[in-house]
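Engineer: Show me the folded form of this:
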Amino acid sequence: MMNEAIAKAQGLVEALSYIQRFHDKTVVVKIGGSIMDDEAVLTNILTDVVFMNYVGMQPVLVHGGGKAINEAMEKSGLTPQMVMGRRYTDERTLAIAEQVLCNQINKFIVNFINTNGCEAQGLHSLSSVVLFAERTYVSSPDGRRIDLGYVGDVNWVNARLLELLVKADAIPCIATIARDQAGGKLNVNADTAAGAVAAAMKADKLVVVSDTDGIFRDLKDPTSRVSHMTVADVEAMIRDGSIGAGMIPKVEACITALKGGVQKAHIIDGRMPHSLLLEIYTEAGIGTEIVL
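Structural biologist: Okay, the predicted model is just below:
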């Protein structure tokens, strides 16, 4: 028992310098993937976010929808349509995504944080909007511009509102339904949105919490995880195919953040207990750290 208590004390002492270093620093945390489908894992991550806020950090949450949107579509009799490998979003699909992201997932996150003693503010298309976007198009092999429906790329973030909230000790919780210039609604990729938010706020860190340990040089070799990379390293791995399609939106979000003034970006596995705290408050860290 005494050894266990001493180990806990040593952990707190190790964390002290990091708590001091990151006091009043903004950290954008993106939560997505299968993590959103496991309530125990999600609440574990949210508990870490509450801890961060209590010790003086300024976390900003951006979240996706996991499988919940697909399940809601199936219940409504809708079949996902793909165009050039991207999901096509019609009006009904957008309405379902908005209902799931804003009224279900975002509300759960905000309620959990509030119940645990911090103030959370839900930000999305049904409340105060901080994400603004323009419609996304893809090019066909013959050069034609193809419409993806109500899908957008973020072109402006209301960083001023986010900064006011974190200075008031509130935790912004952003669901990724954006507004366009005409006031319409667009569904945006959560990774992309998180990178844009981090860059707009000049955050100290962007942490992409997913269901992978980070970036691997060889996906078949679990010992090949890369703990530290530069943007040039990442871009080289994209070119040679070492970074596959599922990881590309995450690393592109990190690159956007870093080129926008963020100091460091991290990709970590949220299924590991307290992975967020381990990445920020320990010497070793976990996952993959990316710098400019």
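
Engineer: host element of Gln10?
Structural biologist: helix 2-21 (DSSP states H and E).

Engineer: Let me see the mean pLDDT of the lengthiest strand in the chain.
Structural biologist: Secondary structure of the chain per DSSP state E: the longest strand is strand 145-157. Averaged across strand 145-157, pLDDT comes to 94.

Engineer: Let me see the residues that make contact with that strand.
Structural biologist: 83-84, 86-91, 93-94, 130-140, 178, 180, 184-188, 192-193, 196-197, 199-201 (C-beta atoms under 8 Å, 6 or more residues apart in numbering). All C-beta spots, glycine's among them, are computed from the backbone N, C-alpha and C.

Engineer: Going by neighbour count, list what's buried in that strand.
Structural biologist: Leu148, Gly149, Tyr150, Val151, Gly152, Asp153, Val154, Val157 (16 or more other C-beta atoms under 10 Å).

Engineer: quick one: the last one from Ser210, how far?
Structural biologist: Val157 sits 21 Å away from Ser210 when distances are taken as C-beta to C-beta, to the nearest Å.

Engineer: Same check on the fifth one?
Structural biologist: As judged by C-beta to C-beta, Gly152 and Ser210 stand 22 Å apart.

Engineer: So, low pLDDT: which residues of the protein?
Structural biologist: Low-confidence segments of the chain, defined by pLDDT under 70: 84-85, 284.

Engineer: Would you map the helices across it?
Structural biologist: 2-21, 39-54, 68-75, 91-98, 107-115, 159-167, 190-201, 231-239, 248-259, 275-281 (DSSP state H).

Engineer: Spit out the contact partners of the closest residue to Ala253 other than its chain neighbours.
Structural biologist: Closest residue to Ala253 apart from its sequence neighbours, by C-beta to C-beta, 6 or more residues apart in numbering: Gly195 at 3.2 Å. Going by C-beta under 8 Å, 6+ apart, Gly195 touches Leu206, Glu252, Ala253, Cys254, Ile255, Thr256, Ala257, Gly260.

Engineer: And Gly122, by the same measure?
Structural biologist: Shown in contact with Gly122 (C-beta under 8 Å, 6+ apart): Cys102, Asn106, Lys107, Ile109, Val110, Cys173, Ala175.

Engineer: Buried ones only from the contacts of Gly195, please, as a PyMOL command.
Structural biologist: Restricted to buried positions by 16+ other C-beta under 10 Å, the PyMOL selection for these reads:
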select buried, resi 206+252+253+254+255+256+257+260
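
Engineer: Make JSON lines out of the contacts of Gly195 and add distance to Val231.
Structural biologist: Shown next, in JSON lines, are the contacts of Gly195 (distance: C-beta to C-beta, whole Å):
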{"residue": "Leu206", "distance to Val231": "13"}
{"residue": "Glu252", "distance to Val231": "10"}
{"residue": "Ala253", "distance to Val231": "12"}
{"residue": "Cys254", "distance to Val231": "8"}
{"residue": "Ile255", "distance to Val231": "5"}
{"residue": "Thr256", "distance to Val231": "10"}
{"residue": "Ala257", "distance to Val231": "10"}
{"residue": "Gly260", "distance to Val231": "12"}
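
Engineer: ok, now which ones touch Leu126?
Structural biologist: Counting by C-beta under 8 Å, 6+ apart, Leu126 has contacts Glu98, Cys102, Asn103, Ile177.

Engineer: Please name the residues that touch the closest residue to the last one other than its chain neighbours.
Structural biologist: Counting by C-beta to C-beta, 6+ apart, the nearest residue to Ile177 once its immediate chain neighbours are dropped is Ser125, at 4.0 Å. Residues near Ser125 by C-beta under 8 Å, 6+ apart: Glu98, Cys102, Ala175, Ile177, Ala178, Arg179, Lys185.
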